[in-house]
Each structure stands twice: as structure tokens, then as C-alpha cells.
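Visitor: Have a look at this prediction, sequence included:
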Amino acid sequence: MKQQLTLLLLSLGIFSTIGCAQKGDIYLIVRADDIGITHTVNQACMDVYTDGIARSVEIIVPSPWFEEAVTLLNANPGYDVGVHLTLTSEWQYLKWRPLTHAASLTGSERLFSSVYLEKRCTRRHLFEGIGLEIR
């Protein structure tokens, strides 16, 4: 992976020196991910935008620090924001609830599961829960 990234960056540098690039062209878009999960992640996502090279970020709406993330993003309108569609919560000690009552996507504590619970419900019920959550 490290070699592939090095080759990619090297080839970008080569192409920019042979005249095919114009001043101001974008070669690589760096995207931050999972803003809203924790205060620290929110701060890191903002730091890589204001002091680094990230120009895009994905926000997790049902996450515990969503409101702080929205406040930070509103203060930085140039930061391109996408919505991270959230149907699971893969971390063991950090979970969140769906925005809707999507029982097919939650466990016994009504929190997102780390995997889909197909064994508990029909495929149709699962897809209905997914449909509710992503609208």
C-alpha cells in the first residue's frame, strides 16, 4: 500500500512537470471521515481542513458529537460535507441509535449492531429499516 501511494504521488509530480497541468488544477482530494463521533475526531477533522490538506468530510448524523460537528462546520462553510450513511456501529465501546425506529438494524439495547441482523428478521423487514434510516 505504501509503495502504491508513493507511486501515485510520484506520478502526480511527473505529470505536473510535463506541461499537462494548469495552475490551480486539483490532483488529489483528501477527505476526512466520521466527524461527529467524538470531540477529538471533530477537532482533528477541523484541523486537517484549516491547517492541513483535507477539503471534504463525511458526517455521521446519529453520532454522539453530531451537534458540535454541525457548529464547527457552520463556522467553516468552505468545507465540503457529505453524509455518511450509517446503518451499523462497528466499534465495541462506542455505539449510537438509529434516527428512526428501525428495529431490524438494532440489537436488544436499541443501538446499531456491528453487523446486520438478518437472522432476526426477514430480508424485507431489513430493507424497510434501511429505507427508513437513509431517507
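Guide: Perfect, thanks for sending it.

Visitor: State the distance from G36 to W65.
Guide: Separation of G36 from W65 (Cβ to Cβ, to the nearest Å) stands at 5 Å. In this view, the C-beta of every residue, glycine as well, is placed from N, C-alpha and C.

Visitor: and these two? which has more neighbours close in?
Guide: Taking neighbours as other Cβ atoms under 10 Å, G36 and W65 compare with G36 leading, 26 against 18.

Visitor: so who does the more buried one touch?
Guide: G36 is in contact with N42, I59, I60, V61, S63, P64, W65, F66, E68, A69, counting by Cβ atoms under 8 Å, 6 or more residues apart in numbering.

Visitor: Go again with 6 Å.
Guide: G36 sits next to I59, I60, S63, W65, F66, A69 when contact means Cβ atoms under 6 Å, 6 or more residues apart in numbering.

Visitor: Check S63 too.
Guide: Residues in contact with S63, defined by Cβ under 6 Å, 6+ apart, are G36, I37, W96.

Visitor: Out of those residues, which is nearest to I29?
Guide: I29 has its nearest neighbour among those in G36, at 20.3 Å by Cβ to Cβ.

Visitor: Tell me the spacing between that closest one and R123.
Guide: Going from G36 to R123 by Cβ to Cβ gives 30 Å.

Visitor: what about T38, neighbour count?
Guide: Using other Cβ under 10 Å, T38 has 16 neighbouring residues.

Visitor: Which residue comes closest to it once chain neighbours are left out?
Guide: Among residues not flanking T38 along the chain, W65 sits closest, at 5.6 Å (Cβ to Cβ, 6 or more residues apart in numbering).

Visitor: Next, the contact list for that neighbour, please.
Guide: With contact set as Cβ under 6 Å, 6+ apart, W65 has these partners: G36, T38, H39, N42.

Visitor: would you put the C-alpha positions of the host helix or strand of T71 in PDB?
Guide: Per DSSP states H and E, T71 falls inside helix 66-74. The C-alpha trace of helix 66-74 is given here as PDB (Å, rounded to 0.1, in the frame of the first residue of the first chain):
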ATOM      1  CA  PHE A  66     -23.000  15.500  15.900                       C
ATOM      2  CA  GLU A  67     -24.300  18.800  17.200                       C
ATOM      3  CA  GLU A  68     -20.700  20.000  17.900                       C
ATOM      4  CA  ALA A  69     -19.700  18.900  14.400                       C
ATOM      5  CA  VAL A  70     -22.500  20.900  12.900                       C
ATOM      6  CA  THR A  71     -21.500  24.000  14.800                       C
ATOM      7  CA  LEU A  72     -17.900  23.600  13.700                       C
ATOM      8  CA  LEU A  73     -18.900  23.000  10.100                       C
ATOM      9  CA  ASN A  74     -21.300  26.000  10.000                       C
END
